[in-house]
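> Provided below are the primary sequence and the corresponding predicted coordinates.
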Amino acid sequence: MTALPRTIISTEHLPKVSWAKGCYIYDVDGKQYIDGSGGPAVYCIGHSNTEVNDAIKAQLDRVAHGYRYFFTSTALEELSDIVRGQCGGTLKHFVYVTGGSEAVESCLKIALQYHAARGEMSRRRFIARERSWHGSTIGALSVSGFLERVAPFEGSLLDVSHLSPANDYRPIGEPNGAACAQELEDEILRLGADKVAAFIFEPVVGAAGGCVPAPAGYAKRVREICDKYGVLMIADEVMCGAGRCGTWRALETDGVEPDIMSVAKGLAAGYLPLGAAIYSDKISDTIMRVHGTIMTGHTFTGHTACCAAGVAVQKIVARDGLIAKVRANEPKIKKMITEALQGVEAVGDIRGRGHFIAVELVQNRETKKPFGGLHKLFMHVRQRALENGLICYPVGGNVDGVNGDVVILAPPYNSTDAELTEMVDKMAMSIKQVLAEKALG
């Protein structure tokens, strides 16, 4: 069996974090790191924001957690109003959880419950895509196409169909969006439409592919296909949503509303664990009419202090116009990266949206052949970046699960131009140093 790339740990001796402020983190030895990826695309307004911390403390002084099935709360209701306004359309209903995996798991369960409420118990199958990452719970793992993270659990996962990645840099047809969407329709027909519950995808693929936006026209065609066959559309926006791509909903750029969506990382910006499964009026009305309640939730569903953190973060994002800033910064960041890596033949693609931009490194630019997985190039870039005082998010196996190297930048939305420049320069320096040392280009 081919050895899988190890993407979870960059070194056996991780630095110990001490404190952080804004875009900068410090370890116990006093070394400074600029957080160029917001950790795993989480810390969207930087670290140690006094306004958010004060809101959390004020909530804790009143009550940390009013159990959701006994109480509602001001924080939960206020956050729901904010998110409802940001989503627009018919996405008005929420199950709040404590992370992205739980959010996706809840989305899957809501889809199944919707079909059960309609008396269509045959609709149990999910369709997803390769080179996708949806989370660590069994259901979320089952719909993920991330070989290294899924392989140890094979045999206990749901039976899920996985389609080709929808990636314009590595197209499967022309036009690529139409070809990828046709794969979905073909698979629905192969399985039988009455067997399919939902199609789940990332509008901009995160860790598994490296900031890969949906091809032109893809999402709209997928929406049409799902509607044609009664299949629900689930948009996983855990990583790419909540403003990360320059709109609050990443899929908004594609002009499409899903039936169900997940969001997490940027919702409370890492100040406390928070995620949500968001679903439409159609889903809610059907389930409530038959079952009277959504049958998914946990002890910490709607955790009061976590919702208070979300309210504080989202108020700052709206008040300071940060989503518009993210959208405006996209061409600037891409230009900065292009210039910083000028002349590096290993740069195959620079892509993404908003503050979610990646560089794909390739062995041959003309053929797009990736570096072999045994090089673990991305791991060396990650470690060298840490040594250079940069936190970025390199990932391996983005081409076929084993081969391929991507380096992701996902800066805080309120990063200054000087901070963005520092992030890009240190990333470019780290890539160049590793390529030179490995004699790879």
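Okay, I see it. Numbers count the residues shown, from 1 in each chain.
> from here on, contacts and neighbour counts on C-alpha atoms
Fine.
> what's the top helix by length along the chain packed up against?
Secondary structure of the chain per DSSP state H: the longest helix is helix 417-438. Using 3 or more C-alpha pairs under 8 Å, 6 or more residues apart in numbering; DSSP states H and E as the contact test, the elements touching helix 417-438 are strand 32-35, helix 322-340, helix 377-387, strand 390-391.
> If you average the pLDDT over whichever helix or strand comes after the last one, what comes out?
Next in sequence after strand 390-391, counting helices and strands by DSSP states H and E, comes strand 393-396. For strand 393-396, mean pLDDT is 96.
> what does strand 393-396 rub up against?
Strand 393-396 is contacted from outside by 5-7, 37, 39-40, 207-208, 210, 373, 376-379, 381-382, 402-409, using C-alpha atoms under 8 Å, 6 or more residues apart in numbering.
> Looking at the residues you listed, which are in strands?
405, 406, 407, 408, 409 (DSSP state E).
> What separation is there between residue 402 and residue 370?
Per C-alpha to C-alpha, to the nearest Å, residue 402 is found 10 Å from residue 370.
> Then residue 248?
Distance from residue 248 to residue 370, by C-alpha to C-alpha: 33 Å.
> do residue 334 as well
Taking C-alpha to C-alpha, one finds residue 334 at 21 Å from residue 370.
> Least confident secondary structure element in this structure?
helix 147-150 (a mean of 91; mean pLDDT, DSSP states H and E).
> then the very next helix or strand once past that helix to CSV, C-alphas only?
Downstream of helix 147-150, the first helix or strand assigned by DSSP H and E is strand 160-163. What follows is strand 160-163, C-alpha atoms only, in CSV (Å, rounded to 0.1, in the frame of the first residue of the first chain):
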residue,chain,number,x,y,z
VAL,A,160,-21.3,7.1,-0.3
SER,A,161,-20.8,7.9,-4.0
HIS,A,162,-17.8,10.1,-4.6
LEU,A,163,-17.6,12.1,-7.8
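> how much distance is there from strand 160-163 to the middle of the chain?
Relative to its chain's centre, strand 160-163 lies at 19 Å (C-alpha atoms, centre = their mean, to the nearest Å).
> Run a quick neighbour tally on the nearest residue to residue 173 once chain neighbours are set aside.
Of all residues not flanking residue 173 in the chain, residue 179 sits nearest, at 5.3 Å (C-alpha to C-alpha, 6 or more residues apart in numbering). For residue 179, the count of nearby residues is 16 (other C-alpha atoms under 10 Å).
> Identify the residue spatially nearest to residue 305, adjacent ones excluded.
residue 64 (5.4 Å).
> wait, what's in contact with that neighbour?
Counting by C-alpha under 8 Å, 6+ apart, residue 64 makes contact with 303, 304, 305.
> Looking at residue 440 now. What's its pLDDT?
So residue 440 comes in at 74 (pLDDT).
> Which of the three states applies to it?
At residue 440 the chain is in coil, as set by DSSP: H, G, I helix; E, B strand; the rest coil.
> Now do the same contact list for it.
With C-alpha under 8 Å, 6+ apart, residue 440 has these contacts: 346, 363.
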